[in-house]
Each structure stands twice: as C-alpha cells, then as structure tokens.
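Asker: need a 3D model of the following:
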Amino acid sequence: MAGGRAAGLRTIWVDRGSWPSVDDQADYAVADVLQAMEILPTST
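Answerer: The predicted structure is shown next:
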C-alpha cells in the first residue's frame, strides 16, 4: 500500500483475513478480485 500511495495511486486491499499495519491503510477494501474490478475505471 505504501508504495502505491507514494506513487500517487489509490489502493485496493483484497481482504483475505488479515490487514496491513495502520500505516498501510488502503483507499478501498474488498472481499475478492471481482469487487476490486467494480472499483477500477474502465477505458473506452
């Protein structure tokens, strides 16, 4: 998460039962990759 944030990117955490440290909070937390895909922008 920290690397993405340092690069100016928004981050998504796919929650598999553990969470990174408080310093590594994501912009979004999802249960699976399908939910993450709903957040990602699509190009046309």
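Asker: can you tell me which residues contact the residue nearest to Arg10 when sequence neighbours are not counted?
Answerer: Closest residue to Arg10 apart from its sequence neighbours, by C-beta to C-beta, 6 or more residues apart in numbering: Asp27 at 4.4 Å. For the C-beta atoms, the positions are set from N, CA and C on the backbone; glycine is no exception. Contact analysis of Asp27 by C-beta atoms under 8 Å, 6 or more residues apart in numbering lists 10-12.
Asker: bridge partners for Val30, pull those for me.
Answerer: Listed by DSSP bridges, the beta-bridge partners for Val30 are Val14.
Asker: neighbours of it, how many?
Answerer: Other residues near Val30 come to 16 when the count uses other C-beta atoms under 10 Å.
Asker: test my guess that it contacts Arg16.
Answerer: No. Between Val30 and Arg16 there is no contact under C-beta atoms under 8 Å: 10.6 Å.
Asker: picking that back up, what's the closest of the contacts of Asp27 to Glu38?
Answerer: Ile12 (10.2 Å; C-beta to C-beta).
Asker: mind checking how far Gln35 is from Tyr28?
Answerer: Using C-beta to C-beta, to the nearest Å, one gets 9 Å for the distance from Gln35 to Tyr28.
Asker: repeat that for Arg16.
Answerer: 15 Å.
Asker: higher neighbour count, these two?
Answerer: Tyr28 (14 against 8).
Asker: identify the spatial nearest neighbour of Ala29, chain neighbours not counted.
Answerer: Ala29 sits nearest to Trp13 (C-beta to C-beta, 6+ apart), 4.7 Å away.
Asker: count the neighbours of the one you found for me.
Answerer: 17.
Asker: which among the contacts of Asp27 count as buried?
Answerer: Neighbour-count burial (16 or more other C-beta atoms under 10 Å) applied to those gives 11-12.
Asker: sitting in strands, which of the contacts of Asp27 do you find?
Answerer: Counting by DSSP state E, the members of the contacts of Asp27 that fall within strands are Ile12.
Asker: picking that back up, the residue nearest to Ala29 and Ala31 touch, don't they?
Answerer: No. Trp13 lies out of contact with Ala31 (C-beta under 8 Å); the separation is 10.4 Å.
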